[in-house]
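> attaching a predicted model along with its sequence, questions to come.
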Amino acid sequence: MSFFEEKNAEMDRYLENHASSEPEILKKLRRETFQKTTQPHMISGYQQGRLLTMISKMLNPKNVLEIGTFTGYATLCLTEGLSPEGKITTLDVNEDLAYLPKKYFSESKYSSQIDFKIQDAKEFLRNTDEVFDLVFIDADKENYAEYFRLIKPKTKSGSVVMFDNVLWYGKVLEENPKQKSTQVIKELNDLVAKDDDFENLILPLRDGVNFLRRK
């Protein structure tokens, strides 16, 4: 481990030690994600999870959409702020891994408010008439720009939209990236910055979160 990697790890420990603790169900889910999946780094994790919970609690949303369930960690963080009559729809296409989020959703006290669908997000967005108070996207990067275009009509004034991994390990600084995912993330960030219907800020948390609010 290099000096900078060691310092970053040390800083992460400091940040986690000085943040609110995660609920026990999330600790269990985080452990099982690292035990049973091949890409556990895809989990939202402690710091980002607490951010999602705080934003959800501040908005107290009635209708939440998540694109990219993975093992359900972010989903459960977002449920913590749902209004009593609220719901979260979470979408993924990985049927092989679906057993894991289903297990923890059923154990959650918010189980009745979680609608987990194995469905393509573009198909869902093209066919739904729902309007969302809060949207979190952490899915296939090659579709990020298209997700933004499809999500915009499903928001209203005050709606919050968050895209994860928008710094893409620093690759967004490449002038002429060859990787498709990098090209599309740069396109998304440009689209958002130029869209007068939104105000936004990229938070340099983990791999970057583009935080948008509909005016």
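Okay, I see it. Numbers count the residues shown, from 1 in each chain.
> for the closest residue to residue 192 other than its chain neighbours, give me its contacts.
Distances taken as CB to CB, 6 or more residues apart in numbering put residue 200 closest to residue 192, at 5.2 Å, once the chain neighbours are dropped. (C-beta placed from N, C-alpha, C; glycine too.) Going by CB atoms under 8 Å, 6 or more residues apart in numbering, residue 200 touches 192-193, 210-213.
> quick one: the helices in the chain, in order.
Assigned by DSSP state H, the chain shows helices spanning 3-17, 24-36, 46-59, 73-79, 99-107, 121-127, 144-151, 180-194.
> of all these, which one is nearest residue 67?
Among those, helix 121-127 comes nearest to residue 67, with 4.4 Å by CB to CB.
> can you list contacts of that closest one?
Residues external to helix 121-127 that are found in contact with it (CB under 8 Å, 6+ apart): 67-68, 89, 91, 117, 139, 143, 146-147, 150-151, 154.
> as CSV, the contacts of residue 200 with pLDDT, distance to residue 19 and neighbour count would be great.
CSV is the format used below for these (pLDDT from 0 to 100; distance: CB to CB, whole Å; neighbours: other CB atoms under 10 Å):
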residue, pLDDT, distance to residue 19, neighbour count
192, 98, 27, 21
193, 97, 29, 11
210, 97, 22, 24
211, 98, 18, 20
212, 98, 23, 23
213, 98, 23, 14
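> so which two of those residues are the farthest from each other?
193 and 213 (13.6 Å).
> check the offset of stretch 187-207 from the chain's centre.
Computed by CA atoms, centre = their mean, to the nearest Å, the chain-centroid distance of stretch 187-207 equals 14 Å.
> same thing with stretch 81-94?
Computed by CA atoms, centre = their mean, the separation of stretch 81-94 from the middle of its chain amounts to 12 Å.
> might you report the residue contacts of the closest residue to residue 141 other than its chain neighbours?
Counting by CB to CB, 6+ apart, residue 181 is the residue found nearest to residue 141 once chain neighbours are left out, at 3.9 Å. For residue 181, the residues meeting the contact criterion (CB under 8 Å, 6+ apart) are 141-142, 168.
> between the residues you listed, which is nearest residue 78?
Lowest distance from residue 78 to the contacts of residue 181 (CB to CB) belongs to residue 141, with 20.4 Å.
> OK, contacts around that closest one?
When contacts are counted by CB under 8 Å, 6+ apart, residue 141 is found next to 165, 168, 181, 184-185.
> cutoff 6 Å now
If you count contacts by CB atoms under 6 Å, 6 or more residues apart in numbering, residue 141 has them with 181, 184-185.
> okay, and for the chain, where does confidence drop off?
Within the chain, the segments meeting pLDDT under 70 span 1-7.
> if we go to 90?
Across the chain, the ranges flagged by pLDDT under 90 are 1-17, 19-22, 38-47, 169, 205-207.
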